[in-house]
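S.K.: I'd like to go over a predicted model; first the sequence, then the structure.
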Amino acid sequence: MTRHRTIATAAVAVALLASACSQGSATRSATGEDGKVTLRYFTFSAAPDHLKDLETIEKAFEKENPKVDVVVETSPFDEYFTKLQTSIAGGTAPDTFELNYENFVTYADSGTLLDLGAAGAGDDTSVYSPASLDAFKHGGKQYALPASFSTVVLFYNKDLFDKAGVAPPTADWTWAEEQEAARKLTDKKNGVYGDFQPVTFFEFYKTLKQAGGEFLSADGKKAAFDSPQGLKAARWLVDKVGTTMPTEAEIGGTADYDTNLFKSGKLAMWHNGIWQFAGLKDVPFEWDVVVEPGDASKASAVFYNAVAASATTRHGKEAYAWARFLSASDVAATTRIASSWELPPVSDQQVLSGYLKDPKPANRQAVFDSLESIALPPVVKRQQEMQDVVTEQLGEAVAGRVAVEEALKTAAADVDALLS
Amino acid sequence: MNRRGWRYALTVAVFLLPSLVPLTLYTLIPMAGSLWTSLHEWDLISEMRWVGLDNYAELIGDPGTRAAFLHTLSFIAGYLPLVYVGGLGLAVLLNRPMRGRSLLRGVYFLPVITSWVVVALMWKWLLNPAGGIVNWALGLIGVSGPGWWTDPAWAMPSIIIATAWKDLGFVMIILLAGLQAIPREYQEAAMVDGATAWRRFRHITLPLLSPSTFFVIVISLINGFQVFDQVQIMTGGGPGGATQVVVSQIYDLTFRYGRAGAASALSWLLFALVLLVTIVQIRGQRRWVTYG
């Protein structure tokens, strides 16, 4: 082989390598053949139980808007925001995506969201319940449209209660009754646990409110949970572990451990969200829900999810139409209700009442009752860090490495530092 | 340079291209990018904001950074001796003529080519304080096993054991090659002189193995500084932050806390440390590494 040919061969090899690389790059949304617009939608709440339901909504939207092709991408909640951030940073942000209430402020603040209020100027917003619409306003602008909300209730396995001869939970229960029942129902020899409530930030701010405490000071500049109520709430959670609830080692880092424990009939009471209803349709035992027991007062966690559009989307009009359809259309509302997905944030009580028709769980009314006294998560700019320091200190207390008082003091100091 | 010289340079350049192109695209350009990012505050979703050297100043004064470096160093302090001594022992054993030698070499090398996710999950189960095989076996001989990855004092040793187990085969294979390159005559001559097995090992094998040892230690140290996968899977930096290593901190800063600037700065601090340690090693090798 001559030298020239050697060089040429090497150059071809490089060219091949380069083209192989470029093939892998992300495909951007574009206007395809026959003028159809491809609109990407990224979501965490659909998979795995409600992909079909989302498809129903999507198909109905595409029928009304034949020029738009919605492409759904899903991710589990744990990885969702990592992926979303990375795609925004990489310039491949989805046209539309789901946001939850806790993360909304961070995104609205960053200038990455399209002002949907402007995009849909003149549209009637009375279909939304005003509270849910307000939750996604920032600086007077509507940066996202509320798409669904859900609450956390107390699930219980009726069969286990019957077998142990313990009266099932009622709406009047307080922590004391829950604790007593949990003790009676725990049967470690047979791997049966009375209670499951993760010892995390999300359970803490709620139990804190149940105990009558506040997470942040009135001006939002200081942590206020290092209080007698905070101590009571933290103890309530921490003391469950190892007595009526499995320990971290027993859980062993298994994903969905609590879901599987409840589904296998070995968990009597489970603090979890109504998004679990659909997944429990076929379990071989009787179960129901009640409003979570409170202490000084009742307080139920409510989580809002919304649809936002990327400020960089080239299809603002279509993005708004999809966000609106997903959040306010009859199809979306009835699909969510019929499949016991999360609830639609609509103001029309008639639509919501359909939710009660499904026979399982019998006490669906508890979902609406839980809305009478709600606890919303505290939201700050450095949200994730705040959540992490609280969860970490509670974990230290659970492991018995520090006293609960000490853990709260440290967490409060850490949160103060994050707020300053 | 004359015509021939240019042609020669061009030929060299073309042959370098296949490695130069990916090196530039996937290493040098991202490195420059991260240096630029490290001078900014950036949450990945907003505009970057110039902060100069603030990220570095903040990191150096931050107890979290110090803890992360300390945890990384304590990992290396446990991992390096374990993996080297273990790998050397295996190499010496499997260098002798014995039945099933090739099979055993393969068996010990298998973990090296196994995915970290698989290995970390497996060790997490083996070392499970509630019902793991290791504590069960310890129980049989009357020892009550520790809390492993749920106990801050034992979490790092858990990771060290898993990592040493996985990397043992790599050290073994390099040292085995080194052992086989030592001419038999030296050993035979020493035997004729009446040297004991230990003295032959100490004064012939070890010095002649030193180039392989040097290579293994440089590579293992760099890997040690970059420890992450197994930590992320086995402990997630816990319990109580006891295994939060530098790379975990970089990951958390970027993807959990939206502080890509600080994370980039921390990457550069880590790079500086690895570079420094490697330079010291290369300088120091003259004193103990024998070539030929």
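M.R.: Looks like it arrived, so ask away.
S.K.: rest of the way, CA atoms for contacts and neighbours
M.R.: Fine.
S.K.: Enumerate the residues of the stretch 51-200 of chain A near chain B.
M.R.: Contact residues, the stretch 51-200 of chain A versus chain B (C-alpha under 8 Å from any C-alpha of the partner chain): A:82, A:85-86, A:88-89, A:107, A:110-112.
S.K.: How much space separates the closest residue to A:Ala412 other than its chain neighbours from A:Asp172?
M.R.: Nearest residue to A:Ala412, sequence neighbours excluded (C-alpha to C-alpha, 6 or more residues apart in numbering or on different chains): A:Ala223, at 5.4 Å. As judged by C-alpha to C-alpha, to the nearest Å, A:Ala223 and A:Asp172 stand 31 Å apart.
S.K.: Neighbour count for the two, which is higher?
M.R.: A:Ala223 (22 against 12; other C-alpha atoms under 10 Å in any protein chain shown).
S.K.: list the contacts for the more buried one?
M.R.: Counting by C-alpha atoms under 8 Å, 6 or more residues apart in numbering or on different chains, A:Ala223 touches A:215-217, A:412-413, A:415-416.
S.K.: swap the cut-off to 7 Å and go again
M.R.: Counting by C-alpha atoms under 7 Å, 6 or more residues apart in numbering or on different chains, A:Ala223 makes contact with A:215-217, A:412, A:415-416.
S.K.: ok, now A:Arg336?
M.R.: A:342-344.
S.K.: could I get these as TSV with pLDDT, distance to chain B and secondary structure?
M.R.: As requested, the contacts of A:Arg336 are exported to TSV (pLDDT from 0 to 100; distance: C-alpha to the nearest C-alpha, whole Å; DSSP: H, G, I helix; E, B strand; the rest coil):
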residue	pLDDT	distance to chain B	secondary structure
A:Glu342	85	26	coil
A:Leu343	86	28	strand
A:Pro344	87	28	coil
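S.K.: What about those, which one has the most neighbours?
M.R.: Most surrounded of those: other C-alpha under 10 Å gives A:Pro344, at 30 neighbours.
S.K.: How many residues are close by the nearest residue to that residue once chain neighbours are set aside?
M.R.: Of all residues not flanking A:Pro344 in the chain, A:Ser148 sits nearest, at 4.6 Å (C-alpha to C-alpha, 6+ apart). Applying other C-alpha under 10 Å, we find 25 other residues in the vicinity of A:Ser148.
S.K.: For A:Ser148, which three-state class applies?
M.R.: Secondary structure assignment for A:Ser148 (DSSP: H, G, I helix; E, B strand; the rest coil): strand.
S.K.: interface residues of the stretch 201-350 of chain A facing chain B?
M.R.: A:249-250, A:252 (C-alpha under 7 Å from any C-alpha of the partner chain).
S.K.: If we use 8 Å, what do you get?
M.R.: Looking at chain B, the residues of the stretch 201-350 of chain A close enough under C-alpha under 8 Å from any C-alpha are A:248-250, A:252.
S.K.: Tell me the residue of the stretch 1-150 of chain B that sits nearest chain A?
M.R.: Nearest to chain A in the stretch 1-150 of chain B, going by C-alpha to the nearest C-alpha, is B:Ser46, at a distance of 4.5 Å.
S.K.: Nearest residue to that residue in space, please, no chain neighbours.
M.R.: Spatially, and ignoring its direct neighbours in sequence, B:Ser46 is nearest to A:Ser110 (4.5 Å; C-alpha to C-alpha, 6+ apart).
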